[in-house]
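no sequence on this one, just coordinates:
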């Protein structure tokens, strides 16, 4: 079973299962101050890859969700990708997770 508060989902089901679980988890998350919802896919130190749903906050047209590489030190998004379906999001998620790990490994 998946815990939702401060969750980092495991890769038991592979990337697509991972994204599917996180997407379902978005529905159960409380809204942030701006009306968005966020679930962490993977975190390396201060670098976090997360799913963001803006549907409750601002308009993003037909966008299903947003993938984001976020830095907790600067409180900024370092990279992001609009995702219209889970299949297309798999490669983007893998890229952002690899980049987060690379950034983290560079500062050890």
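Structure's in. What do you need? Small disclaimer: the values here were computed from a predicted structure and weren't measured.

From now on I want contacts and neighbour counts done on CA atoms only, so please keep to that.
Will do.

Give the buried residues for the lengthiest helix in the chain.
As assigned by DSSP state H, the longest helix anywhere in the chain is helix 86-105. Buried positions in helix 86-105, judged by neighbour count with 16 or more other C-alpha atoms under 10 Å: 86, 89, 90, 92, 93, 96, 97, 99, 100, 101, 103, 104.

Tabulate those residues in TSV, adding columns for pLDDT.
Shown next, in TSV, are the buried residues of helix 86-105 (pLDDT from 0 to 100):
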residue	pLDDT
86	73
89	84
90	86
92	90
93	91
96	95
97	94
99	96
100	96
101	96
103	96
104	96
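
Run through the protein and note the low-pLDDT ranges.
Low-confidence regions of the chain, defined here as pLDDT under 70, cover residues 1-17, 55-64, 107-108.

Quick one: the helices in this structure, in order.
Under DSSP H, the chain gives helices at 14-26, 86-105.

so which of those gets nearest residue 77?
Proximity to residue 77, assessed across the helices of the chain by C-alpha to C-alpha, is greatest for helix 86-105 (11.4 Å).

gap between the closest one and the chain center?
When distances are taken as C-alpha atoms, centre = their mean, to the nearest Å, helix 86-105 is centred 10 Å away from the chain's centroid.

now do stretch 36-44
For stretch 36-44, the separation from the chain centroid amounts to 4 Å (computed by C-alpha atoms, centre = their mean).

ditto for stretch 26-42
With C-alpha atoms, centre = their mean, you get 9 Å for stretch 26-42.

I figured residue 89 was touching residue 83, is that so?
Yes. The criterion here is C-alpha atoms under 8 Å, and residue 89 meets it with residue 83 at 5.6 Å.
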